[in-house]
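Peer 1: Sharing a model prediction with you, sequence too.
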Amino acid sequence: MSSAAQAVASPYLPIEHYGIIGDLQTVALVGMNGSIDWYCYPRFDSPSVFGALLDHERGGHFRIAPLDLGTVPKQLYFPDTNVLITRFLSPAGVGELTDFMYPGGSNRHGQLQRCLIRRVQVVRGSMRFRVDCEPAFDYGRATHETVIRPEGVVFSSPDLQLALRANVPLERNRRGVHAAFTLHAGESTFFCLAPEADCVVLGPLAAEEVDEATQATVQYWRRWLSHCTYHGRWREMVYRSALVLKLLTYQPTGAIVAAATTSLPETPGGSRNWDYRYTWIRDAAFTLYALLRIGFTEEAGQFMDWLEARCRELDPDGSLQIVYGIDGRHDLREETLDHLEGYRGSRPVRIGNGAYRQLQLDIYGELLDSVYLYNKHGAPISYDLWANVRRLMDWLVHNWERADEGIWEVRGGRHQFVYSKMMCWVAFDRALRITRQRGLPVHEEPWVEAHRAVYEQIIAKGWNPKRRAFVQYYGSDVLDASNLLMPMVKFMGPTDPRFISTLNQTMTELVSDSLVYRYNPSAAADDGLGGSEEGTFCMCTFWLVEALTRAGRTEDARLIMEKMFTYANHLGLYAEEIGDSGEALGNFPQAFTHLALISAAVNLDRTLGGRSTA
């Protein structure tokens, strides 16, 4: 049975059938069937309240859907916002479900604080609906009490209490409440899920209150998006990517999560299932670059504050951790939730991420590149941040020659990865540029020597004369898509014969139509997980677009870009990977993919318009 057929037969929706809403502290995934199957409260990395995405029986869900057979669902975003509309079309009528969370705290009446609002209305004919709200607190591990009140229902678990305000009578069921109701053209009803104290105080839900909440949310997103400076050929895709990156930002600290979910599999039924609800230095530094490119300097500044805080918390030897909690915590110890079956039976379900203990030397290059760009295009960095940067660089002078786990976080042993070495060179290069631009104090000679030594070592050991390409790690003959970034980070000119040869070899061996594999897993460094099948990586395709653009092959770049857009879901969202049938794989939506899209779109648009790439 094909993967597409399996998805149809499965109780799980395909990953690409979800939209996302959020309030800059957490998010919810809303399926085309009207079901919220992923919602962690109160933060991105909190235990799930609705987690049917990872276990359709035990995970819990909040579904509002028509009872009429033959209904066709459609989804769209209210233009230029993160307000999601799910339409249900049937011969008897047309219904609409509007889902959103207000990201600005409370409105002038104090009535929107942390509310998840669901508005149901019928715009033509009539339609019967059923609502089922069945929370499963703490990833389905905690029991809860259900107490029905005049204004709705209160769900109480040992650590969290939530209340559902509703304008229709609710009845108790196995794990929550349900109701059936009919609406005619012009009629609507509302549901609001929020902390219990807020709902009890506010009482019954009023139409005027929901209307005000809707308008305030629309205005918030449009006001935010108005700061975008990109007006090029792919404006809608860039706008949606910017809105996704903003949704994945934890407002209290400025941290940006790698993705909204945990344990969505890279291979259906496989074990490559990771928790991405944390902040990787690598991902977030690229995100800062993308936000600066399209005018969002305030968000870039907030993230720089977060980075500066992490730089004040260096390990005793002066090194930096690769990934942190959104609140800056260091301990992300990994555990498995063995009571959950995983998405479409993909075990294990993991929370936490053991990669926080890994050595990944590339993060120093990404960090210094982001500091350099912010200092140049945002605001001058502080002396205190520079003092910590000096500590990092002094550590790197003595450690850049070490083997590491690399950008792909292998768990089968360390290697001398070419990409890691290249980003060490970037770290020294950007640090030296900052000192020369700002005149900041530094003992320069060791950095200059390391800058030279690492470059020459990559040329001597990272280039494989037989393959006529830069390879994954010293001594190997395996190609790696991360080497496509060489011209983007200014390590090598985009028309240098060595890079052009690497680009051509990559297109021959790692590209399937427009899609790019990160490497050949059957021949590459052992990642410690076994298995040789995985999807193509979305961000690698956008890296290819940008590499082709810089190499002057704009027609090839444009065609691949346009093809890649057809692999987005109906809302313009991307997961981490794309499978054989075009299905989304991995955590969703993924920040790295959307920031790579922005970078590729900006540079290709500039080139097509006759302007040079930055």
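Peer 2: Noted; the coordinates are in hand.
Peer 1: Can you pull out the low-pLDDT segments for the stretch 51-200 of the chain?
Peer 2: Across the stretch 51-200 of the chain, the ranges flagged by pLDDT under 70 are 105-112, 197-200.
Peer 1: and with 80 instead?
Peer 2: Confidence mapping of the stretch 51-200 of the chain against pLDDT under 80 gives the ranges 104-113, 196-200.
Peer 1: so where do the helices sit in it?
Peer 2: 137-140, 196-202 (DSSP state H, counting those that start in this stretch).
Peer 1: check contacts around the closest residue to Leu160 other than its chain neighbours.
Peer 2: Nearest residue to Leu160, sequence neighbours excluded (Cβ to Cβ, 6 or more residues apart in numbering): Phe137, at 5.8 Å. Using the backbone N, CA and C atoms, a C-beta is placed for each residue, glycine as well. Taking Cβ atoms under 8 Å, 6 or more residues apart in numbering as the contact definition, Phe137 lies against Pro47, Val49, Gly60, Thr143, His144, Phe155, Ser157, Asp159, Leu160.
Peer 1: same check, this time on Val177
Peer 2: With contact set as Cβ under 8 Å, 6+ apart, Val177 has these partners: Asp132, Cys133, Glu134, Thr146, Ile148, Val153, Leu164, Leu170, Glu171.
Peer 1: What's the local residue count around the closest residue to Ile256 other than its chain neighbours?
Peer 2: With Cβ to Cβ, 6+ apart as the measure, Ala284 is the residue that lies nearest to Ile256, at 4.7 Å, once sequence neighbours are left out. Burial of Ala284 is recorded as 29 neighbouring residues (other Cβ atoms under 10 Å).
Peer 1: again with His178
Peer 2: Residue neighbour count, defined by other Cβ under 10 Å, stands at 15 for His178.
Peer 1: and the closest residue in space to it that isn't next to it in sequence, bridged to which residues?
Peer 2: Closest residue in space to His178, ignoring its immediate chain neighbours: Asp132 at 4.7 Å, by Cβ to Cβ, 6+ apart. With DSSP bridges applied, the residues forming beta bridges to Asp132 are Arg63, His178.
Peer 1: ok, now which ones touch Asp132?
Peer 2: The neighbourhood of Asp132, defined by Cβ under 8 Å, 6+ apart, consists of His61, Phe62, Arg63, Asn173, Gly176, Val177, His178.
Peer 1: Now, of these, which are buried?
Peer 2: In terms of neighbour count (16 or more other Cβ atoms under 10 Å), the buried residues within the contacts of Asp132 are His61, Phe62, Arg63, Gly176, Val177.
Peer 1: could the residues you listed be laid out in JSON lines, adding distance to Ser581?
Peer 2: Formatted as JSON lines, the entries for those read as follows, by distance: Cβ to Cβ, whole Å:
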{"residue": "His61", "distance to Ser581": "26"}
{"residue": "Phe62", "distance to Ser581": "29"}
{"residue": "Arg63", "distance to Ser581": "26"}
{"residue": "Gly176", "distance to Ser581": "35"}
{"residue": "Val177", "distance to Ser581": "38"}
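Peer 1: now, which of these sits nearest His227?
Peer 2: For the buried ones among the contacts of Asp132, the residue nearest His227 by Cβ to Cβ is Phe62; the value is 32.9 Å.
Peer 1: Would you mind measuring from that closest one to Ala568?
Peer 2: Distance, Phe62 to Ala568, by Cβ to Cβ, to the nearest Å: 26 Å.
Peer 1: Narrow the contacts of Phe137 to those in strands?
Peer 2: Counting by DSSP state E, those place Val49, Phe155 in strands.
Peer 1: Neighbour-wise, which one of the contacts of Phe137 leads?
Peer 2: Val49 leads the contacts of Phe137 on contacts (other Cβ under 10 Å) with 31 neighbours.
Peer 1: shaky segments in this structure?
Peer 2: 1-9, 104-113, 196-205, 284-285, 411-412, 521-533, 611-614.
Peer 1: how is it carved up into domains?
Peer 2: With automatic domain parsing serving as the domain definition, the record reports that the chain contains domains spanning 3-225, 235-608.
Peer 1: Can you give me the neighbour number for the closest residue to Gly22 other than its chain neighbours?
Peer 2: Nearest-residue entry for Gly22: Leu247, 4.4 Å, with adjacent residues in sequence omitted and distances by Cβ to Cβ, 6+ apart. Neighbour count of Leu247, defined by other Cβ under 10 Å: 24.
Peer 1: same question, His339
Peer 2: Counted by other Cβ under 10 Å, the residues lying close to His339 total 11.
Peer 1: And the residue nearest to Val511 when sequence neighbours are not counted, how far from Ser512?
Peer 2: Closest residue to Val511 apart from its sequence neighbours, by Cβ to Cβ, 6+ apart: Leu544 at 6.8 Å. The spacing between Leu544 and Ser512, counted by Cβ to Cβ, is 12 Å.
Peer 1: of these two, who's got more company?
Peer 2: Of the pair Leu544 and Ser512, Leu544 is the one with more neighbours under other Cβ under 10 Å, namely 27 against 10.
Peer 1: Going by residue numbers, what spans are helices in the stretch 201-350 of the chain?
Peer 2: In order along the chain, the stretch 201-350 of the chain carries the following helices (DSSP H, counting those that start in this stretch): 207-225, 235-247, 281-293, 297-311.
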